[in-house]
Structures are given as C-alpha cells and as structure tokens.
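S.K.: Here's my sequence, what's the structure:
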Amino acid sequence: MSAGGQHPMTLHGFLDWESRQELKYEFDGFGPGDRTNARSFRQEN
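M.R.: Prediction:
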C-alpha cells in the first residue's frame with residue numbers, strides 16, 4: 001500500500017474532521033482509525 005504522496009493528517013485537522021462525523025474515530029498520528037474495529041479486535045483477543 002503506497003502513501004501516494006499524501007501527507008499525514010495533523011491533530012488539528014483530525015479534530016476538525018472528526019467533529020463533522022456521525023461516528024467517533026481515533027487518531028493514530030497519520031489519520032483517522034475506526035474505534036469500533038479496534039474495540040472488537042481487543043474483545044476477540
């Protein structure tokens with residue numbers, strides 16, 4: 001998977017983007033991550 005010249009999202013940019021989303025996400029330092037998948041993964045292991 002190639003970054004394709006994309007720049008990582010800043011924390012400020014993420015918070016601005018996330019405030020407009022219906023679901024909540026977590027910031028991994030590069031971009032948004034789905035919190036639902038992270039929780040289900042932890043529950044399974």
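S.K.: Where do the helices of the chain begin and end?
M.R.: Residue ranges of the helices in the chain, as given by DSSP state H, are 11-18, 35-44.
S.K.: Of those helices, which shows the lowest average pLDDT?
M.R.: Among these, helix 35-44 has the lowest mean pLDDT, at a mean of 56.
S.K.: Surely residue 18 is in contact with residue 25?
M.R.: Yes: Residue 18 lies in contact with residue 25 (CB atoms under 8 Å); the separation is 5.5 Å. (Glycine included, C-beta is placed from N, CA and C.)
S.K.: which residues do those two both contact?
M.R.: Contact criterion CB atoms under 8 Å, 6 or more residues apart in numbering; residues bridging residue 18 and residue 25 by contacting each: residue 32.
S.K.: Only alpha carbons, please: show stretch 17-29 as PDB.
M.R.: The C-alpha trace of stretch 17-29 is given here as PDB (Å, rounded to 0.1, in the frame of the first residue of the first chain):
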ATOM      1  CA  TRP A  17     -12.800  16.500  10.500                       C
ATOM      2  CA  GLU A  18     -14.000  14.300  13.400                       C
ATOM      3  CA  SER A  19     -16.300  16.900  14.700                       C
ATOM      4  CA  ARG A  20     -18.300  16.600  11.500                       C
ATOM      5  CA  GLN A  21     -18.600  12.800  11.600                       C
ATOM      6  CA  GLU A  22     -21.500  10.800  13.000                       C
ATOM      7  CA  LEU A  23     -19.300   8.100  14.400                       C
ATOM      8  CA  LYS A  24     -16.200   8.700  16.600                       C
ATOM      9  CA  TYR A  25     -12.700   7.900  15.400                       C
ATOM     10  CA  GLU A  26      -9.300   7.800  17.000                       C
ATOM     11  CA  PHE A  27      -6.200   9.500  15.700                       C
ATOM     12  CA  ASP A  28      -3.200   7.200  15.100                       C
ATOM     13  CA  GLY A  29      -0.700  10.000  14.300                       C
END
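S.K.: Could you find the closest non-adjacent residue to residue 14?
M.R.: Spatial nearest neighbour of residue 14, excluding adjacent residues (CB to CB, 6 or more residues apart in numbering): residue 27 at 4.6 Å.
S.K.: Might one say that the one you found is in contact with residue 33?
M.R.: Yes: with contact defined as CB under 8 Å, residue 27 reaches residue 33; the gap is 7.3 Å.
S.K.: Since that was my last question, I'll sign off now.
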